[in-house]
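*Asks:* What follows is a protein structure lacking sequence information:
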């Protein structure tokens with residue numbers, strides 16, 4: 001099987017790399033697609049990759065793994081949607097854009113929703129596999145323990161707090177928590193890691209970067225893959241972001257602000273931007289939502305065996321064996337036009 005790992009944003013690197021490892025183990029050929037605008041941040045420079053759509057056409061793939069919303073319809077290969085997050089409440093998560101032949105879902109909540117949509121559209125299939133980005137949780141949750149211990153020792157601190165807001169202007173808490181994060185940093189027991197989405201407003205990034213320069217125990221993290229910081233942190237502060245579910249799966253407390261999810265009752269959500277310090281203290285001391293996390297895990301990602309990437313590749317293999325590689329998809333003129341505008 002020949003496969004394309006199709007990236008549109010740099011957060012896709014950590015999602016697709018476990019699939020690449022499975023492809024290598026199976027002896028399959030693969031090719032990354034990296035847009036020129038993010039090529040400088042691509043961490044696997046010794047892998048097979050290209051920035052050229054023409055090169056992708058020449059590669060003549062059997063499958064294309066896509067953790068984004070669009071993929072060129074004219075490329076050969078089974079178009080496989082593998083998703084870029086777990087936030088089903090985000091606008092567009094369950095939108096059917098007609099580009100994909102196969103949806104590989106993360107857990108029962110997503111599988112049920114996409115099977116309902118499959119019954120309506122009747123031009124794609126759904127298989128539940130788990131999500132490859134989280135395979136690392138099964139491998140070694142303590143892989144960064146030494147680094148965590150060094151951070152706590154360096155700052156003579158007790159707790160590492162991760163602030164990871166969404167970039168969406170309507171949903172982000174970043175403009176409203178600047179003063180609260182500043183006040184939180186006055187407690188020397190805390191080290192605060194700032195991890196912003198690559199698409200976050202540059203003005204907000206600068207404000208928080210400046211904040212980190214003023215406070216020794218605030219650390220701005222430019223690294224793309226957030227998994228490391230999820231594993232290191234003791235508690236997460238966010239808003240409406242997929243990272244919430246990724247952190248809950250580690251069985252650690254989460255605080256959000258004005259989250260729009262139907263599941264927010266399972267962690268500590270607040271409408272009051274001025275109560276961050278009290279919320280952090282309460283969740284560190286009492287962890288009042290500890291029992292609720294198991295419910296979320298069962299619905300969103302019940303797989304803890306580290307084999308989601310393998311299931312994705314094998315599901316794709318079996319699907320192609322049974323159905324062949326699709327030669328075309330029925331798309332509207334506007335959908336085709338959109339693809340040509342994005343990928344020229």
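*Replies:* Perfect, I can see it now. Note that the coordinates shown come from a computational prediction; the quantities given were computed from them, not determined experimentally. Numbering: from 1, shown residues only.

*Asks:* how close does the spatially closest residue to residue 216 that is not a sequence neighbour get to residue 215?
*Replies:* Counting by Cβ to Cβ, 6 or more residues apart in numbering, the nearest residue to residue 216 once its immediate chain neighbours are dropped is residue 155, at 7.1 Å. Every residue, glycine included, has its C-beta placed from N, CA and C. In this view, residue 155 and residue 215 are 11 Å apart by Cβ to Cβ, to the nearest Å.

*Asks:* give the contact list for the closest residue to residue 271 other than its chain neighbours.
*Replies:* Nearest residue to residue 271, sequence neighbours excluded (Cβ to Cβ, 6+ apart): residue 258, at 5.7 Å. By Cβ atoms under 8 Å, 6 or more residues apart in numbering, the contact list for residue 258 reads 171, 173, 239-240, 269-271.

*Asks:* of all the residues you listed, which two lie farthest apart?
*Replies:* The most widely separated members of the contacts of residue 258, counting by Cβ to Cβ, are 171 and 270 (14.4 Å).

*Asks:* Against residue 66, how distant is residue 339?
*Replies:* In this view, residue 339 and residue 66 are 12 Å apart by Cβ to Cβ.

*Asks:* Then residue 235?
*Replies:* Counting by Cβ to Cβ, the gap from residue 235 to residue 66 is 33 Å.

*Asks:* Would you mind telling me which of the two has more residues around it?
*Replies:* Taking other Cβ atoms under 10 Å, residue 235 and residue 66 do not tie; residue 66 has more neighbours (25 against 21).

*Asks:* The more buried one bridge partners, please.
*Replies:* residue 81 (DSSP bridges).

*Asks:* State the distance from it to residue 158.
*Replies:* The value you get for residue 66 to residue 158, if Cβ to Cβ is used, is 42 Å.

*Asks:* so what's the residue lying closest to residue 215 once chain neighbours are set aside up against?
*Replies:* With Cβ to Cβ, 6+ apart as the criterion, residue 215 has its nearest non-adjacent residue at 4.4 Å, and that residue is residue 185. Counting by Cβ under 8 Å, 6+ apart, residue 185 touches 192, 211, 215, 217-218.

*Asks:* Now which of the residues you listed would you call buried?
*Replies:* Buried members of the contacts of residue 185, scored by 16 or more other Cβ atoms under 10 Å, are 192, 211, 217-218.

*Asks:* Where do the helices of the stretch 151-300 of the chain begin and end?
*Replies:* 178-184, 202-214, 227-232, 243-248, 276-285, 293-300 (DSSP state H, counting those that start in this stretch).

*Asks:* List the contacts of the fourth one.
*Replies:* Spelled out, that is helix 243-248. With contact meaning Cβ under 8 Å, 6+ apart, helix 243-248 is reached by 85-87, 133-134, 162, 164, 226-227, 230, 233, 236, 238, 254, 256, 259, 261, 266-267, 293, 296-297, 300-301.

*Asks:* before we move on, the earlier item: same list (the contacts of residue 258) but as CSV, adding distance to residue 77.
*Replies:* Shown next, in CSV, are the contacts of residue 258 (distance: Cβ to Cβ, whole Å):
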residue, distance to residue 77
171, 34
173, 39
239, 36
240, 33
269, 41
270, 45
271, 46
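
*Asks:* among the residues you listed, who's most crowded?
*Replies:* residue 173 (25 neighbours).

*Asks:* Please verify my assumption that that one contacts residue 180.
*Replies:* No. In this structure, residue 173 is not within contact of residue 180 by Cβ atoms under 8 Å, at 9.3 Å.

*Asks:* Relative to residue 69, how far out is the residue positioned nearest the centre of the chain?
*Replies:* Centroid-nearest residue in the chain, with Cα atoms, centre = their mean: residue 85, separated by 3.9 Å. Between residue 85 and residue 69 the computed distance is 11 Å (Cβ to Cβ).

*Asks:* element containing residue 103?
*Replies:* Residue 103 belongs to strand 102-105 when elements are defined using DSSP states H and E.

*Asks:* Residue 118 - nearest residue in space that isn't next to it in sequence?
*Replies:* In space, and not counting its chain neighbours, residue 118 is closest to residue 126: 5.4 Å by Cβ to Cβ, 6+ apart.

*Asks:* now residue 69, what's its secondary structure?
*Replies:* Here residue 69 is coil, with the state taken from DSSP: H, G, I helix; E, B strand; the rest coil.
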